[in-house]
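[1] Quick one: sequence plus predicted model below, questions after.
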Amino acid sequence: MTEVTAGRPVQSEFAGMPPKLYAASPSRLLAHVDCPRRYRMQYLDKPRPEQRPQRAHTSFGLAVHNALRDWWDLPRDRRTASAGRELVRTSWIDVGFRDPEQSMVWRKRAQEHVVAYLGGVDPDDPPRGIERTVSFISGALRVTGRIDRLDDRDGELVVVDYKTSQKPLSDDDARTSLPMALYAAAVWKMFRRPCLRVELHHVPSGEVISHTHTPESLTRKVDEAKSIARDAQRADADFAERGIESTLFPPVVGPICTWCDYRAHCPEGQAAGPEKSGWAALEAAEAAQVPRVVEVD
Ligand code: SF4
């Protein structure tokens, strides 16, 4: 999923007027939950502190996402599984890798994963939406985000998110995902049709983890998002008044700090341990030898 909206109060507050809207992507909401200090640096500080350079696993993930998106733009006679190989080659991002050899190895893996994945996709059944921006308002929260793929399967709308992490997914990942539930709620509102099914498609393994919400479980997720938004909006207002003196952005120090894009500006996080290299996530997978390799051509 890609973030598309900077959250901020978007409506003046006058007596008798509705409360200010808080506009946020699911990523912004989760950033506030994970670490308010990182949230502040990423969304509020001006100028925004410089992030560390992009990591290799992000480059890998972007190339896979772009190839799966562009595949649907190919003329029907070229929309074959093996065409995914060339799409990965042309969208490859050679950033964050240890050296050219590692980049080459992972480009080949990305090509194999994409070709294998596309082997299970019907080229004659295009999705209802690809990288579609969706949005909805509930109470004082406006959620905006972009979904990888929206399927219409015999009248049932299904939200699909591609996952490219080298770690396998757990059975609960689709059920507990706040972003996926918010996308389903947004699709329901925008298309005026129920949308309850969400799917995570793990491209490296070909595994699909799905969950079918109920209207009640979607409502609970939307309520969860609104609760996070209230806290974030309160913190934003405090920041507007006190700036970096605000105490509402404590660092949440833990193992994630070794991966944090803003740790160069966070002494507390630096104390959590040495920073992971740009290619550390791929090295862990290389050691575990988990990637599936399926030749389709
Ligand atoms: S290094 Fe850790 S504590 Fe600091 S901003 Fe990043 S996640 Fe938060």
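    Thanks, I have it.

[2] Was I right to think Pro179 contacts Ala24?
    No. Between Pro179 and Ala24 there is no contact under Cβ atoms under 8 Å: 11.2 Å. From N, CA and C alone the C-beta is placed, and that goes for glycine too.

[3] In this structure, which residue sits nearest the ligand?
    Gly269 (2.1 Å; Cβ to the nearest ligand atom).

[4] That residue: what secondary structure?
    helix (DSSP: H, G, I helix; E, B strand; the rest coil).

[5] where does the chain have low pLDDT?
    1-16, 289-297 (pLDDT under 70).

[6] biggest strand in it, by residue count?
    strand 141-153 (DSSP state E).

[7] Show me which residues of this protein sit near the ligand.
    35, 37-38, 251-253, 256-257, 260, 262-263, 266, 268-269 (Cβ under 6 Å from any ligand atom).

[8] among the residues you listed, which ones are buried?
    Cys35, Arg37, Arg38, Pro251, Val253, Cys257, Cys260, Tyr262, Arg263, Cys266, Gly269 (16 or more other Cβ atoms under 10 Å).

[9] got the domain boundaries for this protein?
    The chain breaks down into these domains under automatic domain parsing: 56-124, 129-213.

[10] Turn these into TSV, columns for mean neighbour count and distance to Arg242.
    Formatted as TSV, the domains of the chain follow (neighbours: other Cβ atoms under 10 Å; distance: least, Cβ to Cβ, whole Å):
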stretch	mean neighbour count	distance to Arg242
domain 56-124	18	33
domain 129-213	19	22
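
[11] Relative to Gly278, which of these is closest?
    domain 56-124 (4.0 Å; Cβ to Cβ).

[12] centre of the chain versus that closest one, how much separation?
    18 Å (Cα atoms, centre = their mean, to the nearest Å).

[13] In three-state terms, label Tyr43 for me.
    Here Tyr43 is recorded as helix under three-state DSSP.

[14] Where is the longest helix in the protein?
    In the chain, assigned by DSSP state H, the helix with the most residues is helix 215-242.

[15] In helices, which of the buried ones among the residues of the chain next to the ligand fall?
    Reading helices off these with DSSP H, I get Arg37, Arg38, Gly269.

[16] ok, so of these, who is nearest Arg192?
    Nearest to Arg192 among those, with distances taken as Cβ to Cβ, is Arg38, at 36.8 Å.

[17] Serialize the buried ones among the residues of the chain next to the ligand to JSON lines and add fields for distance to Ala56.
    Below are those laid out as JSON lines (distance: Cβ to Cβ, whole Å):
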{"residue": "Cys35", "distance to Ala56": "23"}
{"residue": "Arg37", "distance to Ala56": "25"}
{"residue": "Arg38", "distance to Ala56": "21"}
{"residue": "Pro251", "distance to Ala56": "26"}
{"residue": "Val253", "distance to Ala56": "25"}
{"residue": "Cys257", "distance to Ala56": "19"}
{"residue": "Cys260", "distance to Ala56": "16"}
{"residue": "Tyr262", "distance to Ala56": "19"}
{"residue": "Arg263", "distance to Ala56": "18"}
{"residue": "Cys266", "distance to Ala56": "22"}
{"residue": "Gly269", "distance to Ala56": "21"}
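
[18] who are the neighbours in contact with the nearest residue to Gln270 once chain neighbours are set aside?
    Spatially, and ignoring its direct neighbours in sequence, Gln270 is nearest to Arg263 (5.7 Å; Cβ to Cβ, 6 or more residues apart in numbering). Shown in contact with Arg263 (Cβ atoms under 8 Å, 6 or more residues apart in numbering): Arg52, Cys257, Gly269, Gln270, Glu275.

[19] All the strands of the stretch 151-297 of the chain, residue numbers only.
    156-163, 197-202, 207-212 (DSSP state E, counting those that start in this stretch).

[20] Great, nothing more from me.
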